Structure formats: C-alpha cells, structure tokens
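Colleague: sequence and predicted structure, then a few things I'm wondering about:
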Amino acid sequence: MCLAIPALIRTIEGQEAEADMGGFSRRISLWLTPEVEVGDHVLIHTGYAISVLDQEEAEETLRLFEEIQAMEGAA
C-alpha cells in the first residue's frame, strides 16, 4: 500500500518545487507533473508530485488525515 500526501506548491525552480504540507515545507520533484504551477495542490509520494488535485479534493484529503489522527489519539 502506498501513501500520498496532499501539498500546496509555493515556489517552482526548474523541475523542483517548494511544497507546503500542513505547515511543513519540503523540496519535491516535478518530473512526473510538469504542468504544475505555483498555487496548485498536488499529491506527493516519495518526494515526487504524482498528480494535481483541485482545492476541494486536497482539503477533503487533509480533513480525512486529521480525522484519522484524532481517532489514533482517542485509542
């Protein structure tokens, strides 16, 4: 099973970008998604943006992660 994390693209330099993942920043590769622009939401897996998300889909995914985290804290 693989896990991909939604992130917001803050800056782009060539084929790399600075992505914000819930307050954490990370350099990622855009080799698989050359169409990405600053302000886009993407799914990140192993340091690569693997697909572009619309804002609603990104927010829903983040909400589900928060829900899972809350459930783990309650256990």
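Modeller: Good, I have the coordinates.

Colleague: only the buried residues of the longest strand seen in the chain, if you could.
Modeller: As assigned by DSSP state E, the longest strand anywhere in the chain is strand 5-13. For strand 5-13, burial by neighbour count (16 or more other Cβ atoms under 10 Å) applies to 5, 6, 7, 8, 9. Heads up, the C-betas are built off the backbone N, CA and C, glycines and all.

Colleague: which stretches of this structure form strands?
Modeller: Under DSSP E, the chain gives strands at 5-13, 16-21, 24-29, 41-45, 48-53.

Colleague: re earlier: can I get the buried residues of strand 5-13 in JSON lines including pLDDT and distance to residue 40?
Modeller: Shown next, in JSON lines, are the buried residues of strand 5-13 (pLDDT from 0 to 100; distance: Cβ to Cβ, whole Å):
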{"residue": "5", "pLDDT": "89", "distance to residue 40": "15"}
{"residue": "6", "pLDDT": "92", "distance to residue 40": "11"}
{"residue": "7", "pLDDT": "94", "distance to residue 40": "9"}
{"residue": "8", "pLDDT": "95", "distance to residue 40": "8"}
{"residue": "9", "pLDDT": "98", "distance to residue 40": "5"}
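
Colleague: hang on, the earlier thing: pick the most deeply packed of the strands of the chain.
Modeller: Of all the strands of the chain, strand 41-45 carries the top mean neighbour count, a mean of 21, counting by mean count of other Cβ atoms under 10 Å.

Colleague: ok, that strand: who's next to it in the sheet?
Modeller: Neighbouring strands of strand 41-45 in its sheet, by DSSP bridges, are strand 5-13 (antiparallel), strand 48-53 (antiparallel).

Colleague: tell me what the worst-scoring helix or strand of the chain on mean pLDDT is packed against?
Modeller: The weakest-scoring helix or strand in the chain, judged by mean pLDDT, DSSP states H and E, is helix 55-74 (a mean of 84). Packing partners of helix 55-74 (3 or more Cβ pairs under 8 Å, 6 or more residues apart in numbering; DSSP states H and E): strand 5-13, strand 41-45.

Colleague: cutoff 6 Å now
Modeller: strand 5-13 (3 or more Cβ pairs under 6 Å, 6 or more residues apart in numbering; DSSP states H and E).
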